Every structure is written in C-alpha cells, then in structure tokens.
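**Student:** just a sequence and a predicted model for now, questions to come.
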Amino acid sequence: MTPVLSMFEAGVLPLDQWDARVAAAVEAGWTAVELPADVAAERVVAARDRGWSPVVLRWVDGADRPPPASAEVGRRERACAVVTADLERAAELGVSVVTVRPAESRLDSGPEVVPEYAEALQMAQAALRSLVPAAARSGVAIGVEAAIEGFLTSPVEARELVELVRSPDIGVCLDVAALSGIGQPVDWIRTLRHRLVCVRIGDEVERLIDEVVAALAEVRYAGPVVWCGDPVARGRLGAAFGSAGMSPQG
C-alpha cells in the first residue's frame, strides 16, 4: 500500500498558498500525491521539484467534463474523450490511477435530466468497455468512483459493473467518507477485494482508519491509500499501517 496525500481541494489555491501546503506536506514526510485531473502544469512541476510523485489523478466535474453515463449521446462521447485525455496525461506524469465519476448526480437532478438507474448502469458499462483500449495503451488504471452522488451505492453492484467490463485496467475507487449511512467500509473492501484500485480516507472518518487499513491488508490490497486531510496526520496513517503489519511504500 502507498500512502498518498490528496491535493485535490488545494488545486484551487493561489500558487503561493499551494507552495506553502506543499512545503508543509514535504516536512510531514509525504512523497506521493493525488492531484485534480485538470491541475495546472506548473503545479505538477512544483510537486516534482519537492520530490513528490503524482500517483492519482482525481476526476473533476465541469461543463466540459460530463460523466460517461450522461443522458445525451454527445455528452457521453465528450466524456470518453475527456477520460482518454486524462489517461494520456497520467501516463506522461507517471500516474498509476485515474478516477472517473461514472454518472450524473441522482441527488439533486430531476428524472428528466438523468437516465433511469438501470439505464445509467448499462451506459456506464458500455462507456467503460469503450475505454479499455485507452487504459491498456496508457498503462494507467481507471478507478470508477463508487457511492458518489447516489450511484453505485452497493459493493455488489460496483463489483458487478467492473466484472462485466472484464478488464484488469478497470477497477473501483472507494471513498470511505462517502459510505456514511449506506454501508460498512470493511464489507465493501471484502466484497471488492482485488477490484479496488484506489482507496480514499480522511479526517472525517479518522476513527475508521485502523479497521480500514486492516481490511485492506487482509485482502492484500497494494494500491494507493489517499489521505484527504491535514498533512501532519501522516503519522496516524503510518501507525495504522504498522498495526496491520504493513510497510508503507512511498
């Protein structure tokens, strides 16, 4: 497992504040980082100058970045082009995982805006299958974000989606905080097992760190564990790795 610091929220900070956060993170011992998919090139350079390795590019919503299971054909095509471009950029940066938000939000949109749930699942599956060649060419895994915006709210559903795509380059990105009220992280981890390609955890669920890391060790997870919180908490994550008998890689 690789401990990775998320700089996703910091991606909108002015450059001087970004540099200050980078400096604090380096002082805390972080060597790997998650960046927003649309991060500016100079910020990548700044991270590398500090000795950081970009490991994850996280999906960014936007008018020009629709999800693959969009209702309109044009938006679906645009989404696949965006993911392909993300994969190509990730390969250039040496990133191992690109995350993808698969569908439109089902929490704040009316039924006339989003496809029905079953249809959205079929669209997501078709889109992911179309992206398999691009992922294989790039050598970068696609992590489908589960339990986000009311979509893929069951570990069995998430597992079946990626299994139907039938590609070792397509897996699940699990955000532990997103599971609040819908399931237990350990259940998700044991159900998804080798289909996990990225796991995110942060301050708001700090009490779960030990059991999450122990479950990841149980299923022999070897990917990035992204910390979405204060950089100085690296020791807390490292302690959880040690308790699980794991040596952090990076």
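**Tutor:** Great, that's in hand.

**Student:** can you give me the strands for the protein?
**Tutor:** According to DSSP state E, the chain carries its strands in the segments 2-6, 32-36, 53-58, 97-100, 141-145, 170-175, 196-202, 224-228.

**Student:** what would these look like in TSV with distance to Leu208?
**Tutor:** Placement of C-beta: from N, CA and C, glycine included. Converted to TSV, the strands of the chain look like this (distance: least, Cβ to Cβ, whole Å):
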stretch	distance to Leu208
strand 2-6	16
strand 32-36	19
strand 53-58	20
strand 97-100	20
strand 141-145	19
strand 170-175	12
strand 196-202	7
strand 224-228	12
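
**Student:** what's the burial count for the closest residue to Arg193 other than its chain neighbours?
**Tutor:** Leaving aside its sequence neighbours, Arg193 sits nearest to Val219 (Cβ to Cβ, 6 or more residues apart in numbering; 4.6 Å). Neighbours of Val219 under the rule other Cβ atoms under 10 Å: 16.

**Student:** so what's Val219 up against?
**Tutor:** Ile189, Arg190, Arg193, His194, Leu196 (Cβ atoms under 8 Å, 6 or more residues apart in numbering).

**Student:** out of the residues you listed, who's nearest Arg76?
**Tutor:** Leu196 (25.7 Å; Cβ to Cβ).

**Student:** for the closest one, give its distance to Glu204.
**Tutor:** From Leu196 across to Glu204, the span is 20 Å (Cβ to Cβ, to the nearest Å).

**Student:** among these two, which residue is more densely surrounded?
**Tutor:** Neighbour count, other Cβ under 10 Å: between Leu196 and Glu204, Leu196 has more, with 24 against 12.

**Student:** what pLDDT is listed against the residue lying closest to Val33 once chain neighbours are set aside?
**Tutor:** Leaving out its chain neighbours, the residue that sits closest to Val33 by Cβ to Cβ, 6+ apart is Trp52, at 4.9 Å. What the model reports as pLDDT for Trp52 is 86.
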